[in-house]
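Trainee: Kindly generate the corresponding structure for this input.
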Amino acid sequence: MKPRLRLESLTPFAAVLLTAGMALAHGDVAPQPVNTDALPDVGEEWLIENPYRDMGDDVWSAAIDIGSSGYNQNCARCHGLEVVSGGLAPDLRFLEAEEFGDEWYVERFQNGYTQNGTTMMPAFGELLGQKAAWAIRTYIETRPDQDTIEGFYPDLRDARDSLASLADAGEASPEAEAIKEQLVEIASQVETLSGAPIADSIAFRAANQISAEPASYKRAAETLTVGLPVAH
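Mentor: Okay, the predicted model is just below:
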């Protein structure tokens, strides 16, 4: 199990470097609005623990989708695509999916960061709101460990190709159910770096798209195609 980010365990010097790295990375990013209409309200008082973590699968899935959009618009520039940091800003995938990590995250999201009177990270809280904050948090904490999933790339490519062939045939096939079971098994072995119990991996997403309808085969194949690197 890889170590998760615990700010309390850092030396004072390392903590300063971490904060400074985040500050230098953010610059003068202008917050972009996030449509959170599909998410349930969580009240006006700011929480210190992610409420969407335990509101059921539908809310959890919606939070990931909305959080993905919000993250890519507001956070990816500094924290990296798919939350894979390039080194300047902290790699938020390691931020623990529990109250300690939530509290650290939401304080920074809500208030931003300034240094010597200069805004290094904007305060997103007032402009984006609490629902957007927790949606982005849900997206961040469910990022899969890429080192784990890379070992399954050959199997995922085979599944993708089989689904594409079934989609071209245009008929329901029992083979699709077998592919779904294989994807579920792969998804169960992909971990998060945050300690969240389920990784929102391409295997997880594709498995949940497969149904008895032939059109679902194409959607699942497209999910795998987009998520897989180009084979050499």
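Trainee: Pull out the CA atoms of stretch 147-159 and give them to me as PDB.
Mentor: Extracted C-alpha coordinates of stretch 147-159, given in PDB (Å, rounded to 0.1, in the frame of the first residue of the first chain):
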ATOM      1  CA  ASP A 147       0.700   1.800 -11.500                       C
ATOM      2  CA  THR A 148      -1.900  -0.800 -10.600                       C
ATOM      3  CA  ILE A 149      -4.100  -0.500 -13.700                       C
ATOM      4  CA  GLU A 150      -1.200  -0.500 -16.200                       C
ATOM      5  CA  GLY A 151      -0.700  -4.200 -15.700                       C
ATOM      6  CA  PHE A 152      -4.300  -4.800 -17.000                       C
ATOM      7  CA  TYR A 153      -3.900  -2.800 -20.200                       C
ATOM      8  CA  PRO A 154      -3.600  -5.900 -22.400                       C
ATOM      9  CA  ASP A 155      -6.800  -7.400 -20.900                       C
ATOM     10  CA  LEU A 156      -8.600  -4.100 -21.200                       C
ATOM     11  CA  ARG A 157      -7.600  -3.700 -24.900                       C
ATOM     12  CA  ASP A 158      -8.900  -7.200 -25.600                       C
ATOM     13  CA  ALA A 159     -12.200  -6.400 -23.800                       C
END
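Trainee: Just the mean pLDDT for it, thanks.
Mentor: Averaging pLDDT along stretch 147-159 gives 96.
Trainee: Need the residues that contact that stretch.
Mentor: 179, 182-183, 186, 189-191, 199, 201-203, 206, 224, 227-229, 231 (Cβ atoms under 8 Å, 6 or more residues apart in numbering). Where you see a C-beta, it was placed from the backbone N, CA and C, and this is true even at glycine.
Trainee: buried residues in that stretch?
Mentor: 148-149, 152, 156, 159 (16 or more other Cβ atoms under 10 Å).
Trainee: Please apply the same query to stretch 182-192.
Mentor: Under the neighbour-count criterion of 16+ other Cβ under 10 Å, stretch 182-192 has 182-183, 186-187, 190-192 buried.
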